[in-house]
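# okay, predicted coordinates and the sequence, questions at the end:
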Amino acid sequence: SQKIEQNSEALNIQEGKTATLTCNYTNYSPAYLQWYRQDPGRGPVFLLLIRENEKEKRKERLKVTFDTTLKQSLFHITASQPADSATYLCALGDSNYQLIWGAGTKLIIKP
Amino acid sequence: SQTIHQWPATLVQPVGSPLSLECTVEGTSNPNLYWYRQAAGRGLQLLFYSVGIGQISSEVPQNLSASRPQDRQFILSSKKLLLSDSGFYLCAFPGASNYGYTFGSGTRLTVV
């Protein structure tokens, strides 16, 4: 069955450093992959989408890579700030807009 | 702009009571609409999706049902809640091809 894995342990990063989150998947060939930010008690907020034929996508301090051979996406936040602390979700999508979701990784940026 | 409204934010209901959660969208017409449930430490679980008025697809057999009485309205219901129905319920619709889903603010349901 399709499986998507994110590190279940919280990631603690010192302010100013680069935070890197991982999303691995099996038994699936996604058309695209999305990353979301979710704050406690709130709905997820869309950050970035990367397609299967793209290697890298950037938006301000965010960078996403997508390796369909390794079946892995990496999500980087450079010059991290305490305000970046949140849970980050990855989701894989097909051409029918159906998504499967990872459980998310909690990121804590320490001042 | 496209927005989505979901209410209530928090709900505490006894076992066996009925449920009605409402979601409405603005700034878009005939959107695909989705109901998700999120359990602590788990990924979002798709419950229902709708491609139009009166069209509902169920992804998970359960105690819940959904309806779409109007183009921009999506309702999640139950006749009798179970303890296992507790969770964080989210309504969403997909954006344009380079944009992800837009989510409502969610409803935290606790069945006691």
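Done, it's in.
# what does chain B have sitting close to chain A?
By the rule C-beta under 8 Å from any C-beta of the partner chain, the part of chain B lying against chain A is B:6, B:32, B:41-44, B:46, B:49, B:90, B:92, B:94-95, B:98-106, B:108. In short, each C-beta sits where N, CA and C put it, glycine included.
# which among the residues you listed count as buried?
Neighbour-count burial within these applies to B:6, B:32, B:43-44, B:46, B:49, B:90, B:92, B:94-95, B:100-104, B:106; the criterion is 16 or more other C-beta atoms under 10 Å in any protein chain shown.
# is B:Ser84 in a helix, a strand, or coil?
The assignment at B:Ser84 comes out as helix when based on DSSP: H, G, I helix; E, B strand; the rest coil.
# show me where chain B has helices.
Along chain B, counting by DSSP state H, no stretch forms helices.
# tell me the centre residue of it?
With distances taken as C-alpha atoms, centre = their mean, chain B has B:Trp35 as the residue nearest its mean C-alpha position (3.1 Å).
# please name the nearest non-neighbouring residue to B:Trp7.
Residue nearest to B:Trp7 in three dimensions, not counting chain neighbours: B:Glu22, with 6.2 Å by C-beta to C-beta, 6 or more residues apart in numbering or on different chains.
# with A:Leu107 instead?
The shortest distance from A:Leu107 to any residue other than its chain neighbours is 5.1 Å, reached at A:Leu11 (C-beta to C-beta, 6+ apart).
# isn't the one you found right up against A:Thr18?
No - taking C-beta atoms under 8 Å as the definition, A:Leu11 is not a contact partner of A:Thr18, at 11.4 Å.
# tell me which parts of chain A are close to chain B?
Looking at chain B, the residues of chain A close enough under C-beta under 8 Å from any C-beta are A:4, A:8, A:34, A:36, A:41-47, A:49, A:89, A:91, A:97-104.
# taking the residues you listed, please make a PyMOL selection of just the buried ones.
Here the buried members of the residues of chain A next to chain B are turned into a PyMOL selection, burial being counted by 16+ other C-beta under 10 Å:
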select buried, chain A and resi 4+34+36+42+43+44+46+47+49+89+91+97+99+100+101+102+103+104
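# pLDDT below threshold where in the chain?
You didn't pick a chain, so chain A it is. Scanning chain A for pLDDT under 70 picks out the ranges A:97.
# was after chain B, sorry
Low-confidence segments of chain B, defined by pLDDT under 70, span residues B:61, B:97-98.
# hmm, back to that, who does the residue nearest to B:Trp7 bridge with?
Here B:Glu22 sits in beta bridges with B:Trp7, B:Ile75, as judged by DSSP bridges.
# pretty sure it is touching B:Leu11, no?
No - counting by C-beta under 8 Å, no contact exists between B:Glu22 and B:Leu11, whose distance comes to 11.6 Å.
# any idea how far A:Ile50 is from the residue lying closest to A:Glu56 once chain neighbours are set aside?
Ranked by C-beta to C-beta, 6+ apart and with sequence neighbours excluded, the top spatial neighbour of A:Glu56 is A:Thr65, at 5.1 Å. When C-beta to C-beta, to the nearest Å is the yardstick, A:Thr65 and A:Ile50 sit 8 Å from each other.
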